[in-house]
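1. Kindly generate the corresponding structure for this input.
(2 chains)
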2 protein chains.
Amino acid sequence: MVKVDLSGAQSFFEGAGPDYNAAAQAHRTLSEKTGPGNDFIGWPELPETIKEGELKRLVSVAQKIRSRSKYLVVIGIGGSYLGARGAIELLKPAPGPDDTKVIFVGNGLSPDALNRAIQEIGDDDFDINVISKSGTTLEPAIAFRVFRALCKEKYGNQAKKHIIATTDAARGVLKSLADAEGWETFVVPDDVGGRFSVLSAVGLLPMAVAGIDIKKVINSAIEEFKALDVRSPENPAWQYAAARQHLYGLGKKTEILGCYEPSFRFMAEWWKQLYGESEGKNGIGIFPASVEFTADLHSMGQFIQDGTRDLMETIVRFDKFSSDFTIPFEMGDADGLNYLAGKDLGEVCTIASDAVKAAHISGGVPNIEIHVPAINEEGFASLVCFFEMACGLSAYMSGVNPFNQPGVEAYKKNMFHMLGKPGA
Amino acid sequence: MVKVDLSGAQSFFEGAGPDYNAAAQAHRTLSEKTGPGNDFIGWPELPETIKEGELKRLVSVAQKIRSRSKYLVVIGIGGSYLGARGAIELLKPAPGPDDTKVIFVGNGLSPDALNRAIQEIGDDDFDINVISKSGTTLEPAIAFRVFRALCKEKYGNQAKKHIIATTDAARGVLKSLADAEGWETFVVPDDVGGRFSVLSAVGLLPMAVAGIDIKKVINSAIEEFKALDVRSPENPAWQYAAARQHLYGLGKKTEILGCYEPSFRFMAEWWKQLYGESEGKNGIGIFPASVEFTADLHSMGQFIQDGTRDLMETIVRFDKFSSDFTIPFEMGDADGLNYLAGKDLGEVCTIASDAVKAAHISGGVPNIEIHVPAINEEGFASLVCFFEMACGLSAYMSGVNPFNQPGVEAYKKNMFHMLGKPGA
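-> Presented below is the predicted three-dimensional model:
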């Protein structure tokens, strides 16, 4: 279970501070499904549903892929890839020589990136996991056409066994194709939007292929969502949602998410989509940005300490790293570091984190800490459930529908028209 | 040479629009070195200095490393690594099997990341390039102590031939160590700050080891800085600096830098340091953020289109990609993409970029485009010179010293005290 520490934000609160009554109201709206977007609140039940549904088959398909293929080509964009990529980079940052490597394509339109992916795979064995609710999103559709052809070229009439489609249960181009061709399919649930889908097959299949224990993830997620259902200001999701909405009301318009573990980079990208797309509408919303510490203390650090004062900072702190590293002693101490010799690097990192927190607070940046016990399946699951729940609450508190994204249609309409798509 | 297109910002300008008189004044202040930070304006002459100085030796040392080592371990943080990493990811995103792989360590305090780097190198041959003006910055100092020991363990009395120090010409812990141990050294110039140092040995040695033609980079940079010296509103650096300061004055407090080539990711990180650290001080400054298109149209796209209206958007557009990819025809057209068959993916990307630009403008986000002819050494050099010059001008226009970073001392002071550093 994550813990939220608001001690670094306390001195910035005004009046009655974070509005826990509003958090309680938002929680009721969410759990009773009485607010806007109420067709898309299937995600708190998702871990239970998966456990009783697709989990076993996900594990066995992943095992089959791991045993036969050097690569899994995951084709998806936005919510159909960020969660899995975030999870894999965090939990399996360095695949072993015998691991199946998960690569992500169809998340852009760069010919160079597509050529690089094809070149990387070379003559090695691969499977394809195409992830799209409809099958009509341009980037993954193009990449899938390309990789489908490569797959047929390589595997002939066995090709269909190398394609797994994660898509709508009943409708859409991709579902029709899958049925016609006989591909294995998993479901993108109707009541779960893309950015809340990492704990469905969307995220779980790539994660399992990468070697993540998805049973552990799901079991932890079930516990976590239960814990997050408590209706009190002790609920970490209430704390985070209420604190950031309060700070936003006080003019803190940008939230920086930071972490001291560089492999967290794509979890931060996942978080940006979750919060940016849920809250950034109707001309309002906290702008989500991310930094990687300590690296970015030497780049964005100056701005955070001393630039425009409309920032709040949220730091994800893993209470322990996955490994130790003892700083060695050196005869002569030519570099003057012997005062740290024998200390674990993780311990130095913890001290640095505390020092940075104090500095940023004194510079006028409210600090929220999210403590996660460890960098493992349980920690990942806790963090995901926490961020999802807090996001739903926070967006409802701000008065918007957390579960739609009307703004993404504008460029698509232009684009399909300019590309000459029939009917556009 | 880059070209700036302000057509997408025009409709947002008010009154007399961007203040080119102020740009002219800032340019005088910069070139005559009469403003604050005037001890740190060596960077416009850097390419010339390098060409007549270290360039030949940089190329030959890089060649030696490429011929003997599987890895170059670059130890540095902030300005001592972001430029090289940005350049290498952009220009050499996929090292070939015979290429020396450049890995970056000492830019954080995660024991997991350090252990992963050591594990990746395994028993392979490596060289070390440690980059630090003083040698006392904590993160690289720790990493260097560790890798120095590994190097001695592996190469015994030949170890000193595998260490190259890029550091101060005369002073500091690292310089003393290098002299005592007999390491090859290159110079971090006195009059160039870290974030402006990518065209010195700081950036050039790692780039050359990765296989980038640094002679081409330097020759292009010399031309580019000449072109950027023109004193008129035709100067792209004036255009960018004046437009963004004008928009900032109108309440556009956050600038999003975007690119349609995913390998640009760390160039955007370099840009964030350049602008954030130069301008974010005294309680003011444009907050620099970055997105990767089209991927992030499916995550941050909603916020950009429809969230808090204090954004401006700057898009780096490479006028051509490095490779083609023809979208294939498919019998039956089951996915409905045949309307694109035969088109190059890069062309589709260009159309998408135009569609996105129009959508964001209509959503209230001023758009600035920076056109770069190609993803190659010349394009990289142009972009670096352009961004550096525009940054100096923009920061002077906003009334701050572009070349200091007083805010980064706050956490360091806390940290060294808490770590028990002697004398802190």
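
2. for chain A, what's the longest helix?
-> helix A:377-398 (DSSP state H).

3. So for it, mean pLDDT?
-> Average pLDDT, helix A:377-398: 98.

4. Against which helices or strands is the helix or strand just after that helix packed?
-> As assigned by DSSP states H and E, the chain's next helix or strand after helix A:377-398 is helix A:409-419. On a contact count with 3 or more CB pairs under 8 Å, 6 or more residues apart in numbering or on different chains; DSSP states H and E, helix A:409-419 meets helix A:138-155, helix B:301-306, helix B:345-362. For the C-beta atoms, the positions are set from N, CA and C on the backbone; glycine is no exception.

5. give me that answer again for 6 Å
-> helix B:345-362 (3 or more CB pairs under 6 Å, 6 or more residues apart in numbering or on different chains; DSSP states H and E).

6. Give the pairing partners of the helix or strand that comes right after the helix it packs on; include direction for each.
-> Using DSSP H and E, the helix or strand that follows helix B:345-362 in sequence is strand B:367-372. Partners of strand B:367-372 in the sheet, by DSSP bridges, are strand B:3-5 (antiparallel), strand B:311-318 (parallel).

7. How many residues are close by the closest residue to A:Phe303 other than its chain neighbours?
-> Of all residues not flanking A:Phe303 in the chain, B:Gly280 sits nearest, at 2.9 Å (CB to CB, 6 or more residues apart in numbering or on different chains). B:Gly280 sits with 27 neighbouring residues when counted by other CB atoms under 10 Å in any protein chain shown.

8. The one 5 residues further on too?
-> Neighbourhood size, B:Gly285 [other CB under 10 Å]: 24.

9. Equivalent analysis for the one 3 residues further on, please.
-> When neighbours are counted by other CB under 10 Å, B:Pro288 registers 27.

10. Name the nearest residue to A:Pro189, ignoring sequence neighbours.
-> Nearest one to A:Pro189, counting by CB to CB, 6+ apart, is A:Gly42 at 5.4 Å.

11. what's near enough to touch that neighbour?
-> Counting by CB atoms under 6 Å, 6 or more residues apart in numbering or on different chains, A:Gly42 makes contact with A:Pro189, A:Asp191, A:Val192.

12. With neighbour count and secondary structure as extra columns, can I get these in JSON lines?
-> Formatted as JSON lines, the contacts of A:Gly42 follow (neighbours: other CB atoms under 10 Å in any protein chain shown; DSSP: H, G, I helix; E, B strand; the rest coil):
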{"residue": "A:Pro189", "neighbour count": "22", "secondary structure": "coil"}
{"residue": "A:Asp191", "neighbour count": "16", "secondary structure": "coil"}
{"residue": "A:Val192", "neighbour count": "25", "secondary structure": "coil"}
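
13. Which one of the residues you listed is nearest to chain B?
-> A:Val192 (16.0 Å; CB to the nearest CB).

14. quick one: buried residues of the host helix or strand of A:Asp112?
-> Per DSSP H and E, A:Asp112 falls inside helix A:111-121. In terms of neighbour count (16 or more other CB atoms under 10 Å in any protein chain shown), helix A:111-121 has its buried residues at A:Pro111, A:Asp112, A:Ala113, A:Leu114, A:Asn115, A:Arg116, A:Ala117, A:Ile121.

15. Now narrow those to whatever sits close to chain B.
-> Within the set of those, contact with chain B (CB under 6 Å from any CB of the partner chain) is found for A:Pro111, A:Asp112, A:Ala113, A:Leu114, A:Asn115, A:Arg116.
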